[in-house]
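J.: Structure here, sequence nowhere to be found:
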Ligand SMILES: NC(=O)c1ccc[n+]([C@@H]2O[C@H](COP(=O)([O-])OP(=O)(O)OC[C@H]3O[C@@H](n4cnc5c(N)ncnc54)[C@H](O)[C@@H]3O)[C@@H](O)[C@H]2O)c1
């Protein structure tokens, strides 16, 4: 039976490499649709947890992981010599930036080398990590060919970008259409059949490069539009106009406008990072990515702008930042998730600490701040009690988690700087609130 028939009859074994925010929900879809699935990760803690039926991601329910584990068709492993057991291998490893803000494809390359060691004929490798156009063809394929086998002949290769939006109540892995790109017709067929076995729709494009570029366009679109509303916020603030009121009014236009919201800066593993993958690649073609750079500049500046608002707010109370006690609400980069990667909350804390403030934080989903690539701020989440709120000179809202009771926060805090318009429905004590 050839690989396409194996996929169509669900006899293909699926391997997912990298069991993080993207890999875990993806592999669960395959198991739930009846595919035998193997999860590979270098992190033994994740492997052990999954094999014990435990979830390590807040929005992925433990009972679902238990059911997946109990199905008898799923196993996690850190033993990559088991790569030959999988017919289709989906790579979901990180793609961060280096300190010089250049693409760090070392995880893709490392994974590629490990797979190459065990690659066998008739395997289908799909890269899912967000990256610049050309990575699959120019970086991953040659590494896999170090096995002595030839791509698109002995094994097949494709790129399919991940659109996972953790904790989005409207869309999940299964209901988000998936773009698939490959440079041969057979690999495109494999990719389409593979993903359509588990998700609502696969959208084939003519090459892996087009699929890689699609993901970057989507994230650059967000980055540029967020920068635009952040700039609007700064302009309108100076004019004494409420940007959120303006956005809500503009959103009533039924065509030609979609709302983006300002905030304390960009966060997450994608939007602050992916656009610079294109910037780097464009240099090879002697093109400057001006929109991307400008958006990056505006968005990167936002935490500093927020701090000037904290200074202004404290000033109104006759206080300075130095010596003030500040409680930051929300360490995650967006509401209701436990992911602190690239969260602007860390920059805000660093800037306040640099100015001599005493800073604590609360996040119901992050009980202790992890050590981050750029920040090593050791703190445990402070309980959100009446006494604690009252003990701080200023409460700075960075993430608008649904778990927060804003009436309670505003009632007991002395002063609030709100970067998310989280307190919009609070009716009493509004004089304590400064929007930022
Ligand atoms: N998190 C998101 O919402 C999201 C959305 C769209 C796209 N993406 C993209 O998906 C990719 C993965 O992101 P993520 O958020 O799942 O990252 P993650 O850090 O949550 O997970 C990555 C996993 O890969 C593992 N890993 C690292 N090196 C490995 C190796 N050599 N072999 C095997 N496993 C290895 C890590 O231990 C980790 O478990 C990135 O390219 C990211 O840009 C993420």
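T.: Okay, I see it. These figures come from a predicted structure and were not determined experimentally.

J.: hey, let's count contacts and neighbours off CA atoms from now on
T.: Fine.

J.: Now do the contacts for residue 289.
T.: Residue 289 makes contact with 278-279, 282, according to C-alpha atoms under 8 Å, 6 or more residues apart in numbering.

J.: mind redoing it with 6 Å?
T.: By C-alpha atoms under 6 Å, 6 or more residues apart in numbering, residue 289 lies in contact with residue 279.

J.: I'd like the distance between it and residue 276.
T.: 9 Å (C-alpha to C-alpha, to the nearest Å).

J.: Residue 424 now?
T.: Residue 424 is 34 Å from residue 276, by C-alpha to C-alpha.

J.: Walk me through the domains of the protein.
T.: 3-206, 247-435 (automatic domain parsing).

J.: and of those, who's closest to the ligand?
T.: Smallest distance to the ligand across the domains of the chain (C-alpha to the nearest ligand atom): 3.2 Å, for domain 3-206.

J.: tell me the mean pLDDT for the closest one?
T.: Summarised as a single mean, pLDDT over domain 3-206 is 96.

J.: Run through the residues of this structure sitting next to the ligand.
T.: 17-23, 40-43, 92-95, 107, 110-111, 129-130, 162-166, 269-270 (C-alpha under 6 Å from any ligand atom).

J.: how about the helices in the stretch 201-350 of the chain?
T.: Taking DSSP state H, counting those that start in this stretch to define them, one finds helices in the stretch 201-350 of the chain at 208-239, 243-250, 274-284, 290-316, 344-354.

J.: Format those helices as TSV; extra columns: mean neighbour count and distance to residue 431.
T.: Compiled in TSV, the helices of the stretch 201-350 of the chain are given as follows (neighbours: other C-alpha atoms under 10 Å; distance: least, C-alpha to C-alpha, whole Å):
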stretch	mean neighbour count	distance to residue 431
helix 208-239	20	17
helix 243-250	15	18
helix 274-284	19	39
helix 290-316	18	11
helix 344-354	21	23
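
J.: Just tell me which of those ends up closest to residue 83.
T.: helix 208-239 (22.7 Å; C-alpha to C-alpha).

J.: rewinding a little: got the domains of the chain as CSV, with distance to residue 232 columns?
T.: As requested, the domains of the chain are arranged in CSV below (distance: least, C-alpha to C-alpha, whole Å):
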stretch, distance to residue 232
domain 3-206, 26
domain 247-435, 9
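
J.: Select, out of these, the one closest to residue 222.
T.: domain 247-435 (7.2 Å).

J.: average pLDDT for that closest one?
T.: Rounded mean pLDDT across domain 247-435 is 96.

J.: Could you check how far that domain is from the centre of its chain?
T.: 16 Å (C-alpha atoms, centre = their mean, to the nearest Å).

J.: now the end-to-end length of it.
T.: Note: domain 247-435 ends 15 Å apart using C-alpha to C-alpha.

J.: same deal with stretch 27-42?
T.: 16 Å.

J.: swap in stretch 68-77?
T.: End-to-end for stretch 68-77, by C-alpha to C-alpha: 15 Å.

J.: Report how many residues lie close to residue 117.
T.: 17 (other C-alpha atoms under 10 Å).

J.: burial of the residue nearest to it when sequence neighbours are not counted, as a residue count?
T.: Nearest residue to residue 117, sequence neighbours excluded (C-alpha to C-alpha, 6 or more residues apart in numbering): residue 147, at 6.2 Å. Residue 147 has 15 neighbours, counted by other C-alpha under 10 Å.

J.: cool, and residue 106?
T.: Neighbour number of residue 106 under other C-alpha under 10 Å is 14.

J.: Can you report how many residues lie near the closest residue to it other than its chain neighbours?
T.: Leaving out its chain neighbours, the residue that sits closest to residue 106 by C-alpha to C-alpha, 6+ apart is residue 95, at 8.0 Å. When neighbours are defined as other C-alpha under 10 Å, residue 95 has 20 of them.
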